[in-house]
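**Q** got a predicted structure here, sequence first:
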Amino acid sequence: MTTATIKRMGLTEWLLLTTLSIIWGGSFFFNAVALRDFPPLVVVWGRVFIGFLGLTAIVALTNQNVRSHLHRWRQFLTLGILNTFIPFNLIVWGQQYIDSGLAAVINATTPAFTILVAHFVTNDESASMRKFSGAIIGLGGVATLIGTDALTGFGDHVLGQLAIMGAACSYAFGSTYARRMTGIPPMVIACGQLAGSSLVMTPVMFFICRPWTLPMPGSDAIFAVIGLGLVCSTLAYLIFFRILTSSGATNISLVTLLIPVSASGLGITFLNEPFTWRLATGMVIICLAAALIDGRLKLRRRFA
């Protein structure tokens, strides 16, 4: 059981969560560019390993006390497997068979899984009707935002859909497990997680992909992988564990609801995509769901 006390998210945490959703929403662009020249497993490995190098440099420059936490290497390894190795590879594999819109809707089940897991694993994140209602409403908001066309493939390629759902479940276990790692600075937890996942992923990638046999990639793909590592891993996990340590696993899982909102906002701002009432409705529903899960909105009980 965890002993750290969580609090409701304040303005700083909401701004950080929004920033994290924008970063991870932009990862789809980096992925699209990188996958032109690299196999999926190489892209995932590059994101994790470069992210680990970036975090190692930051830890060294800021003189973080790492040695006193090295005895917890098994926890770092477990966290890396649950929060990075398993979900990253499941998502990449699953998206070979289903559209990204459907994948985003399925991935938005993460808060529901996290609420359930955190209820049994932590001592201060009990499940409630309010939280589950917020998770269901948020899932509906994501479906509204993306559009019902994304659901037309539901029922096809069941294994691909189960892979995305497995990733959502793994994220729930990973973020909840990370709350056991009390007394460790968020920066060190982030670095330890990517170190653990790199340790597992490196031999798997070399054995399966044999990168020395691949053709020379273009500069665009190389820079995309570097962007995934330094921005979507190094920077993103610094923010992730900063929110997690203060606001808990359930609140950090809200990022899976906000990513579609950020992706739509980026498309409207930079790609001249149209702003429709469907998008506006989906965004409002998701924001209300997030506030409900966080506790800013309450469900009132009426008795006859």
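**A** On my side now, so go ahead.
**Q** do you know the pLDDT at His71?
**A** pLDDT, His71: 90.
**Q** what sits against it?
**A** Contact criterion Cβ atoms under 8 Å, 6 or more residues apart in numbering gives no residues in contact with His71. C-betas here are computed from N, CA, C, even on glycine.
**Q** and it, helix, strand or coil?
**A** What DSSP: H, G, I helix; E, B strand; the rest coil gives for His71 is helix.
**Q** tell me how far it lies from Asn65.
**A** Going from His71 to Asn65 by Cβ to Cβ, to the nearest Å gives 13 Å.
**Q** same question, Thr122
**A** Distance, Thr122 to Asn65, by Cβ to Cβ: 26 Å.
**Q** show me which of the two is the more surrounded one.
**A** When neighbours are counted by other Cβ atoms under 10 Å, Thr122 comes out ahead of the other of Thr122 and Asn65, with 20 against 10.
**Q** that one and Thr176 touch, don't they?
**A** Yes. If you go by Cβ atoms under 8 Å, Thr122 and Thr176 touch, sitting 6.5 Å apart.
**Q** can you list residues touching both of these two?
**A** By Cβ under 8 Å, 6+ apart, Thr122 and Thr176 have these common neighbours: Ala249.
**Q** what packs against the one helix or strand in the chain whose mean pLDDT sits lowest?
**A** Least confident helix or strand, the chain: helix 100-107 with a mean of 73, by mean pLDDT, DSSP states H and E. If contacts are counted by 3 or more Cβ pairs under 8 Å, 6 or more residues apart in numbering; DSSP states H and E, helix 100-107 sits against helix 86-94, helix 129-146, helix 158-178, helix 255-270.
**Q** quick one: work out the angle between the longest one and helix 86-94.
**A** In this structure, helix 158-178 runs at an angle of 170 degrees to helix 86-94, with axes from the mean of the first three to the mean of the last three Cα atoms, to 10 degrees as the basis.
**Q** could you point out the helix or strand that follows helix 158-178?
**A** Helices and strands here follow DSSP states H and E; after helix 158-178, the next one along the chain is helix 186-209.
**Q** what residues sit buried inside the helix or strand just after that following helix?
**A** For helix 186-209, the following helix or strand on the C-terminal side (DSSP H and E) is helix 219-229. Neighbour counts over helix 219-229 (16 or more other Cβ atoms under 10 Å) mark Ala221, Ile222, Ala224, Val225, Ile226, Gly227, Leu228, Gly229 as buried.
**Q** can you give the distance of helix 219-229 from its chain's centre?
**A** Centroid displacement of helix 219-229 relative to its chain, using Cα atoms, centre = their mean, to the nearest Å, is 19 Å.
**Q** between helix 186-209 and that helix, find me the angle.
**A** Using the same axes, to 10 degrees, helix 219-229 lies at 140 degrees relative to helix 186-209.
**Q** counting contacts, what elements does helix 219-229 pack onto?
**A** Using 3+ Cβ pairs under 8 Å, 6+ apart, helix 219-229 sits against helix 11-34, helix 40-61.
**Q** any regions of the stretch 201-304 of the chain where pLDDT drops low?
**A** Residue ranges of the stretch 201-304 of the chain with pLDDT under 70: 270-271, 273, 294-304.
**Q** point out the most buried one among the helices and strands packed on helix 219-229.
**A** Across these, averaging neighbours per residue (mean count of other Cβ atoms under 10 Å) puts helix 40-61 on top, at a mean of 21.
**Q** and the contacts of stretch 255-262?
**A** With contacts defined as Cβ under 8 Å, 6+ apart, stretch 255-262 is touched by 17-18, 20-22, 24-26, 104, 107-108, 110-111, 138, 141-142, 145-146, 168, 171, 240, 282-283, 286-287, 289-290.
**Q** rewinding a little: now render the helices and strands packed on helix 219-229 as a markdown table, adding mean pLDDT and distance to Pro274.
**A** Below are the helices and strands packed on helix 219-229 laid out as a markdown table (pLDDT from 0 to 100; distance: least, Cβ to Cβ, whole Å):
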| stretch | mean pLDDT | distance to Pro274 |
| --- | --- | --- |
| helix 11-34 | 85 | 18 |
| helix 40-61 | 93 | 30 |
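**Q** could I get the ones you listed as CSV with distance to Met181?
**A** Formatted as CSV, the helices and strands packed on helix 219-229 follow (distance: least, Cβ to Cβ, whole Å):
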stretch, distance to Met181
helix 11-34, 19
helix 40-61, 15
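**Q** who wins for proximity to Ile184 among the ones you listed?
**A** Of all the helices and strands packed on helix 219-229, it is helix 40-61 that lies closest to Ile184, at 11.7 Å by Cβ to Cβ.
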